[in-house]
Every structure is written in structure tokens, then in C-alpha cells.
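Visitor: Give the three-dimensional model of this entry:
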Amino acid sequence: MENKDEKFIQLPKLATTTYRDWLDVLEDVLASLKLSSFIKPSFFLGKSPEDFSDDILASMAKVKTIIKTSITIEDRQLVRSCTNPVEILKELNLKYRGPSAKSAWELLVDWDDVTYDGSISGLFNKLREMFVQFEEKGLVLPRYFINAKVRKCLPAQYDDCRRLLMIYNIGRKESDYMTDKQFETEILKIERELKSKNDSSQSASLVSVSKKKQVKFYGKCNFCGVEGHKESDCRQKRKFLQRSKSGNKVEPKQSRSNSNTDQADLVITSALVKTDKPSNNGLPIKFIADCGASFHVVNDKSLLTNVRKTTGNIKTVCGTVTNPDQGDMICDFYNGARWISCKINDVYFVPNQPFNLISMGRLCQNGFRNEMNQNSMVVYRNNDPILVGNWSSEYVNIMELQIRVKTSVINTAVVRSLSCWHERLGHFSADKIAKMIRQKRVDGVPLSLEDDMQFCSSCQIGKATDVSHTEEEDNKNIKVGMKLHIDIGGYFMSNPSIHGNRFFLLCIDHRSRYMKLGFMKSRDQTLDLFKRIINEIKMDTGSDNFYRPVE
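Guide: A predicted model of the protein is given here:
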């Protein structure tokens with residue numbers, strides 16, 4: 001081979017591949033340059049460097065250069081003292097395949113730690129390289145272990161590939177299982193399909209929304225008073241005209257709720273929900289019926305009470321949300337005649353969500369049923385209508401529900417601070433508050449509180465039972481040992497000491513201010529500890545002069 005073609009021959013870095021693959025490529029490279037004899041031990045057997053000609057020494061230096069350029073700086077320091085390529089390969093083989101290399105157990109641990117990093121091909125190549133390392137250690141695993149590991153590492157969007165692998169392998173012999181190359185090809189097809197989808201189709205996980213192409217109208221309808229459409233496009237007006245022609249004129253009905261104003265049947269099935277508290281953009285709060293959603297979702301955290309943290313992920317229009325907040329929503333349902341106070345449990349808060357979603361499937365699981373026709377939808381419970389909805393005038397194929405949230409509920413702030421609830425509940429300890437929450441003794445306290453209570457000055461002041469006495473006002477007749485001030489402390493300690501003590505007993509002599517301190521594990525040890533302290537005072541002072549002897 002000519003010298004001008006030698007620069008096109010490249011050897012992979014040993015740090016980026018296995019030693020076996022690197023050695024195979026090295027042998028091919030040297031064979032193409034007609035230098036393969038320089039890595040055979042028999043070529044240097046019984047010979048010294050003085051026995052070689054200048055041409056052989058030059059070729060030997062070329063082989064050493066090819067090897068050294070494909071290894072790390074650390075490996076170059078390791079082979080610096082080697083005189084020929086055979087000695088270099090011997091040192092590298094000892095490092096990467098000898099006792100200093102990873103053991104079979106370490107390779108199994110690395111196998112267990114392999115995860116999906118966003119590249120399907122990279123995942124398969126990593127597992128194949130580890131299979132080669134297993135073979136070098138004499139550990140032969142079935143080839144379908146690669147597919148089993150990939151199936152475990154794949155994210156949720158590749159569930160079809162998981163099912164395909166299971167269906168293909170069920171009922172077949174192990175020798176007929178799907179190969180790793182076939183499985184990789186199928187996954188890459190799914191990956192290309194996912195990448196080719198538009199952003200609009202990817203974001204339609206909770207609800208499929210298709211806005212009308214016409215320019216949105218931001219004014220107010222002169223007929224029904226609802227914003228978002230003109231009188232000529234008012235669906236309520238068309239229904240009213242149809243009823244008038246048929247002779248079934250609808251008269252307004254009085255609401256049975258004291259907190260609600262008079263409403264007519266014409267406005268009962270309005271597409272937009274009217275509430276006293278508008279949203280951030282000035283528009284009323286909307287609640288959409290979603291038959292495909294798995295959870296109830298709101299975009300305003302102030303709509304919820306008893307907010308708590310959850311574990312897990314949920315898919316939304318804005319993507320996957322990790323550990324979302326969950327709470328209860330106190331609201332009113334309109335059943336066509338009156339407003340009914342209701343409470344929806346387990347509602348997720350997802351910021352930047354365009355809609356407030358009510359999962360109809362979740363309602364049906366709790367004893368509800370719904371009926372839908374070309375005009376409206378009615379939700380029943382125990383065969384009684386409890387909620388009505390109508391087709392949206394702004395979106396296509398979307399049903400909007402008549403739900404409102406009370407202003408008092410919206411303005412209620414949810415406090416998750418333990419120190420705040422400690423003050424609200426009369427300075428109870430953290431353990432007592434946690435016990436009350438578990439036993440549901442108090443309503444409105446979040447299930448998870450932030451532990452920010454370190455020291456309470458009010459508790460310290462409240463536990464003070466006496467004021468300091470000056471020595472000038474003391475009774476001169478009180479002698480040393482006649483009056484002791486005793487107090488028990490430590491009940492606020494959440495963790496015991498290294499010896500298991502939680503309480504301490506402090507004794508101070510009234511006259512001399514002589515102090516004794518003892519520790520105990522429980523309060524029932526107070527008397528025994530007090531007797532021991534009295535005996536220690538007698539031994540320290542050498543006097544038995546006490547006002548009342550201790551038996």
C-alpha cells in the first residue's frame with residue numbers, strides 16, 4: 001500500500017470500545033500495511049534490537065506509533081518501557097483482560113445500571129459491548145437477554161414494541177426468539193414515527209382540540225350576554241326561535257339557591273360557566289367534559305383545598321408532569337333548575353393547562369352516568385340530574401359543563417407550614433399535629449406539611465411558671481438545703497440521646513444556687529432520680545442538714 005493511503009487507515013480509541021474489538025481492528029490495519037508480523041511473539045524470539053536492520057526498526061517504530069496513538073495517556077505511561085509491539089500488547093492485555101480488569105460481578109452490576117439515554121442504537125451497542133466482555137470472562141448469556149434488558153429500559157411511548165416482543169416470543173423455542181437486530185429495527189421504526197408527528201398531535205394527550213379557522217370574536221352576545229360570539233351565531237337564540245315557532249315558549253324559573261340570581265332556562269345550558277371570580281385573563285372559568293382523561297385537572301391552584309404532594313407522573317397537554325399537586329375542589333353543579341353544592345376529590349393541579357378538565361370516566365366509576373345528544377349532555381346520579389353541559393361555541397366537539405367555584409373557596413390560601421399550624425392549633429407539638437392529621441380530627445389541614453418549626457419562643461414563655469427572685473427579698477430563715485427548685489425538661493425533644501434519654505431533672509438550691517442535673521428515659525423515673533440527687537448532695541457537702549429527710 002502506498003504511503004499516501006496510510007492516512008485513511010484509522011484505529012478506534014481503546015477507551016471507547018472493548019479490547020477484543022480494538023485488537024481485531026489493529027490486526028486488520030497492520031495486515032493492510034504488511035506489518036502484521038511485528039505483533040507476533042515468534043518474530044522477536046531470541047533476538048535483540050541490535051539484530052534488526054534499520055528498515056525493520058523503522059517498521060517496528062511505525063507499529064508502536066499506531067498502537068500508542070489509539071490508547072490513552074495513562075496507557076502510554078504504562079507501556080513507556082516496552083521495546084517492541086509484542087510487549088506493549090502484553091501490558092495492555094494484562095490491564096484490560098487480566099486480574100486488574102473488571103470482574104464478572106462488576107460487569108453484572110454495570111449491566112443492571114444501564115438505562116435509556118435517548119438513543120435506541122446507543123442502548124443496543126452498549127449492551128452488545130458488555131456481552132463481549134462477558135464472553136471474555138467466560139460468562140455466556142443467552143442472546144435474548146439483550147432484548148429483555150432493552151424492553152425494561154424503554155420509556156412508556158414504546159409500549160407497542162414491548163407487546164410485539166412478547167407476542168413474537170410466546171410459544172416459540174428459545175432458539176427462535178426475536179434477535180436483538182430484529183428488535184432494534186422494530187423500535188427504530190416506532191422512533192421514526194414518533195419523531196414525524198406534529199407538535200399539535202403530541203400535545204393532545206388529554207383532550208383533542210380543534211379551533212375554528214374564523215377570527216375569534218372577543219365581544220359579548222346581545223342575546224344571551226355570553227362573551228365569545230355574536231348574536232347572529234348564538235346557539236341559544238336559535239333554540240329559542242325554534243321553541244317559539246313550535247309553541248313551547250320557555251318561561252324563566254326562579255333558582256332555589258339563595259346565593260344564586262334568577263336565571264332562565266335559556267341560559268341554563270350556556271356553554272360558558274359564569275362565576276363570581278374571573279380567571280387571570282379576565283374570562284370566566286371553564287370546565288370541559290373529557291371522556292378520554294384519566295384524572296380531573298385544573299390550572300389554578302387556588303381552586304383546590306387540602307392540597308398535598310403526590311408521587312408519579314401524569315401526561316398533560318403541556319407534557320409529562322412529575323409529582324403534581326393534588327387537592328379537593330369545592331364547587332356547585334347546575335342541574336338545569338338549581339345549583340347543588342358538591343366536592344370533587346383527587347383533582348390534580350397542572351400549571352399552564354389551557355382547560356379545566358372533568359374526567360367523565362372517573363365520575364362514572366363513582367356512581368354517576370351521563371347522557372349526550374346533539375344538543376347537550378346531562379350527568380345523573382341515582383337517576384336524578386345533577387349536572388348539565390352544552391357544546392362549546394368556541395371549540396369544535398367540546399362539551400363545557402355548568403360548574404362554578406365559590407369566591408370564598410378561591411380566595412382561601414392553603415398553608416403548608418408546620419410552624420403556622422403549630423400556632424393555629426394552640427401550640428401543639430409536631431407529633432400531636434401529625435397524629436391529628438392521621439386520625440382526621442381536624443379538617444382543612446394539608447396531609448403533608450413543611451417541617452420548618454425549629455424553636456417556638458411563645459412555647460418557651462408559656463412554660464415559665466415563676467419569676468426570678470432577688471436575694472434581698474429572700475427569707476433569711478431559709479437555710480442551705482431547706483428549699484429546692486425542681487423542674488423536668490426535655491419533653492420537646494423528638495430524638496433521644498445516645499444513651500436513650502429523653503428527659504432531664506434539674507434541682508437548684510434556693511439559698512446557695514447549688515445545681516444538680518440528672519437524665520432519665522421516661523417521666524416515671526423522677527422519684528428515683530430525685531432520691532439519687534439528694535444522696536449525691538449529702539455526699540458532696542458532707543452534711544445531712546435538709547429541711548425534710550428523704551426516705
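Visitor: shaky segments in the stretch 301-450 of the chain?
Guide: Regions of the stretch 301-450 of the chain meeting the criterion pLDDT under 70 cover residues 317, 406-414.
Visitor: rerun at 50
Guide: 408, 410-411 (pLDDT under 50).
Visitor: what pLDDT, on average, does stretch 459-473 get?
Guide: What stretch 459-473 shows for mean pLDDT is 62.
Visitor: same question but for stretch 174-182, I mixed them up
Guide: Averaged across stretch 174-182, the pLDDT comes to 86.
Visitor: okay, now residue 293: neighbour count?
Guide: 22 (other Cβ atoms under 10 Å). For glycine as for every other residue, the C-beta is placed from the backbone atoms N, C-alpha and C.
Visitor: Can you tell me how far it is from residue 325?
Guide: The gap separating residue 293 from residue 325 is 17 Å, by Cβ to Cβ, to the nearest Å.
Visitor: Which secondary structure state does residue 501 sit in?
Guide: Classification of residue 501 using DSSP: H, G, I helix; E, B strand; the rest coil returns coil.
Visitor: any idea what sits nearest it, other than its immediate chain neighbours?
Guide: Counting by Cβ to Cβ, 6 or more residues apart in numbering, residue 501 lies nearest to residue 519, which is 4.2 Å off, once chain neighbours are set aside.
Visitor: What is the burial count for residue 531?
Guide: For residue 531, using other Cβ under 10 Å, the count is 12.
Visitor: repeat for residue 229
Guide: Residue 229 has 21 nearby residues by other Cβ under 10 Å.
Visitor: The one 5 residues further on now?
Guide: In terms of burial, residue 234 registers 18 neighbours under the definition other Cβ under 10 Å.
Visitor: and it, what is it in contact with?
Guide: When contacts are counted by Cβ atoms under 8 Å, 6 or more residues apart in numbering, residue 234 touches 221, 223, 224, 393.
Visitor: Residue 142 and residue 379: what is the separation?
Guide: Taking Cβ to Cβ, one finds residue 142 at 54 Å from residue 379.
Visitor: quick one: which of those two has more around it?
Guide: Counted by other Cβ under 10 Å, residue 142 and residue 379 do not tie: residue 379 has more neighbours, with 23 against 11.
Visitor: Pretty sure residue 39 sits against residue 29.
Guide: No: at 10.5 Å, residue 39 does not count as touching residue 29 under the criterion of Cβ atoms under 8 Å.
Visitor: what is in contact with the two at once?
Guide: Residues touching both residue 39 and residue 29 do not exist when contact is defined as Cβ under 8 Å, 6+ apart.
Visitor: re earlier: nearest to residue 178, of the contacts of residue 234?
Guide: Nearest to residue 178 out of the contacts of residue 234 is residue 393 (Cβ to Cβ; 51.9 Å).
Visitor: secondary structure class for that closest one?
Guide: Here residue 393 is recorded as coil under three-state DSSP.
Visitor: How many residues are close by it?
Guide: Residues near residue 393, counting by other Cβ under 10 Å: 22.
Visitor: That one and residue 344, how far apart?
Guide: Residue 393 is 25 Å from residue 344, by Cβ to Cβ.
Visitor: what does residue 384 give?
Guide: Distance from residue 384 to residue 344, by Cβ to Cβ: 18 Å.
Visitor: higher neighbour count, those two?
Guide: Ranked by neighbour count (other Cβ under 10 Å), residue 384 and residue 344 place residue 344 first, with 22 against 8.
Visitor: pretty sure the more buried one contacts residue 326?
Guide: No: Residue 344 is beyond contact range of residue 326, at 11.4 Å (criterion: Cβ under 8 Å).
Visitor: what residues go with each domain of this structure?
Guide: What automatic domain parsing lists as the domains of the chain is 3-97, 104-196, 231-410, 418-462, 471-541.
Visitor: quick one: which of those is nearest residue 217?
Guide: For the domains of the chain, distance to residue 217 was read as Cβ to Cβ. The smallest value, 7.9 Å, belongs to domain 231-410.
Visitor: Determine how far the closest one lies from the middle of the whole chain.
Guide: Relative to its chain's centre, domain 231-410 lies at 29 Å (Cα atoms, centre = their mean, to the nearest Å).
Visitor: Same question for stretch 499-508.
Guide: Its chain's C-alpha centre and that of stretch 499-508 lie 43 Å apart, by Cα atoms, centre = their mean.
Visitor: Buried residues of it, list them for me.
Guide: Across stretch 499-508, burial judged by 16 or more other Cβ atoms under 10 Å covers 501, 502, 503, 504, 505, 507.
Visitor: Max pairwise distance over these: which two?
Guide: Maximum pairwise distance among these (Cβ to Cβ): 18.4 Å, between 502 and 507.
Visitor: ok so, going back, in TSV, list the contacts of residue 234 along with distance to residue 16.
Guide: Formatted as TSV, the contacts of residue 234 follow (distance: Cβ to Cβ, whole Å):
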residue	distance to residue 16
221	68
223	72
224	69
393	61
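Visitor: for the residues you listed, which one is nearest residue 337?
Guide: The closest of the contacts of residue 234, once distances to residue 337 are taken by Cβ to Cβ, is residue 224, at 18.3 Å.
Visitor: shaky segments in the stretch 101-250 of the chain?
Guide: In the stretch 101-250 of the chain (pLDDT under 50), the answer is 198-200, 202, 204-213, 247-250.
Visitor: run the last query once more with 80
Guide: The stretch 101-250 of the chain contains residues with pLDDT under 80 at 101-107, 129-140, 171, 194-232, 235-250.
Visitor: quick revisit: need the buried residues of stretch 499-508 in JSON lines (columns: distance to residue 535 and pLDDT).
Guide: Converted to JSON lines, the buried residues of stretch 499-508 look like this (distance: Cβ to Cβ, whole Å; pLDDT from 0 to 100):
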{"residue": "501", "distance to residue 535": "20", "pLDDT": "88"}
{"residue": "502", "distance to residue 535": "24", "pLDDT": "88"}
{"residue": "503", "distance to residue 535": "20", "pLDDT": "89"}
{"residue": "504", "distance to residue 535": "18", "pLDDT": "90"}
{"residue": "505", "distance to residue 535": "14", "pLDDT": "92"}
{"residue": "507", "distance to residue 535": "12", "pLDDT": "91"}
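Visitor: now these in a markdown table, with distance to residue 47?
Guide: What follows is the buried residues of stretch 499-508, written out as a markdown table (distance: Cβ to Cβ, whole Å):
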| residue | distance to residue 47 |
| --- | --- |
| 501 | 80 |
| 502 | 82 |
| 503 | 86 |
| 504 | 85 |
| 505 | 90 |
| 507 | 94 |
